[in-house]
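Trainee: no sequence on hand, only this structure:
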């Protein structure tokens with residue numbers, strides 16, 4: 001009467017294959033976060049471009065250096081459209097630039113908002129490289145850094161963090177004196193300025 005080989009094999013198959021596969025599929029369906037291109041394509045939003053992880057490119061091209069000197073200014077190594085313009089990563093930013101401009105051919109796009117739900121998701125890298133790509137197409141670009149908690153636009157272009165929006169809001173500076181030039185022609189930056197004690201209150205007042 002034993003061993004019941006057929007039953008043991010069947011139970012082993014169920015436990016070793018069907019249960020793990022079912023668990024993985026159930027867990028995957030329960031995840032609401034967009035963590036793949038395929039999930040993004042299923043959403044009712046246009047997919048303008050896919051930007052690869054630029055860190056391997058930076059490690060290979062710049063030996064992990066954080067900043068590279070360009071015309072006596074240290075810019076971030078993440079500014080690939082300026083520093084490594086023929087790389088596939090730089091081309092992906094140009095593809096994004098083209099798709100943004102031509103996504104609404106009947107309208108003249110003058111303002112682009114870049115945001116995300118969490119920190120360190122690539123907002124600054126995208127903004128900097130998109131600005132350079134737009135300037136390459138003859139556009140005049142003004143980057144306005146409204147991140148009062150973790151501002152980093154100044155660092156990526158190697159410019160001073162202050163004066164900026166904070167000084168402008170509180171009347172300490174005039175608009176002409178807070179807009180800074182960068183090493184990229186036709187790209188200017190209005191930084192966030194000095195760090196406010198309560199960034200949330202500043203955001204509400206700006207709105």
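Mentor: Okay, I see it. What you see is a predicted model, and the numbers here were worked out from it, not measured in a lab.

Trainee: could you pull out the helices for this protein?
Mentor: 5-13, 19-30, 37-41, 55-62, 80-83, 88-102, 123-136, 153-157, 165-169, 175-178, 199-206 (DSSP state H).

Trainee: so what secondary structure elements neighbour the longest one?
Mentor: For helix 88-102, the helices and strands in contact under the criterion 3 or more C-beta pairs under 8 Å, 6 or more residues apart in numbering; DSSP states H and E are helix 80-83, helix 123-136. For the C-beta atoms, the positions are set from N, CA and C on the backbone; glycine is no exception.

Trainee: columns distance to residue 196 on top of those, output as a markdown table?
Mentor: Below are those laid out as a markdown table (distance: least, C-beta to C-beta, whole Å):
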| stretch | distance to residue 196 |
| --- | --- |
| helix 80-83 | 30 |
| helix 123-136 | 19 |
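
Trainee: got a markdown table for those helices, with mean pLDDT too?
Mentor: A markdown table is the format used below for these (pLDDT from 0 to 100):
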| stretch | mean pLDDT |
| --- | --- |
| helix 80-83 | 92 |
| helix 123-136 | 94 |
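
Trainee: who touches the closest residue to residue 76 other than its chain neighbours in this structure?
Mentor: Leaving aside its chain neighbours, residue 76 sits nearest to residue 156 (4.0 Å; criterion: C-beta to C-beta, 6 or more residues apart in numbering). Residue 156 makes contact with 75-76, 78-79, 124-125, 128, according to C-beta atoms under 8 Å, 6 or more residues apart in numbering.

Trainee: just send the residues you listed back as TSV, with distance to residue 27 and neighbour count too.
Mentor: Formatted as TSV, the contacts of residue 156 follow (distance: C-beta to C-beta, whole Å; neighbours: other C-beta atoms under 10 Å):
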residue	distance to residue 27	neighbour count
75	42	23
76	37	22
78	33	25
79	38	27
124	32	23
125	30	21
128	36	28
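
Trainee: closest to residue 172 among the residues you listed?
Mentor: Proximity of those to residue 172 (C-beta to C-beta) peaks at residue 124, which lies at 24.9 Å.

Trainee: was I right about residue 195 contacting residue 148?
Mentor: Yes - with contact defined as C-beta atoms under 8 Å, residue 195 and residue 148 form a contacting pair (7.3 Å).

Trainee: pull up the overlap in contacts between the two.
Mentor: With contacts defined as C-beta under 8 Å, 6+ apart, the residues adjacent to both residue 195 and residue 148 are residue 166.

Trainee: more neighbours, these two?
Mentor: residue 148 (21 against 13; other C-beta atoms under 10 Å).

Trainee: ok so, going back, save the contacts of residue 156 as a markdown table, and put in distance to residue 172 too.
Mentor: Listed next are the contacts of residue 156 as a markdown table, based on distance: C-beta to C-beta, whole Å:
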| residue | distance to residue 172 |
| --- | --- |
| 75 | 27 |
| 76 | 27 |
| 78 | 30 |
| 79 | 29 |
| 124 | 25 |
| 125 | 30 |
| 128 | 26 |
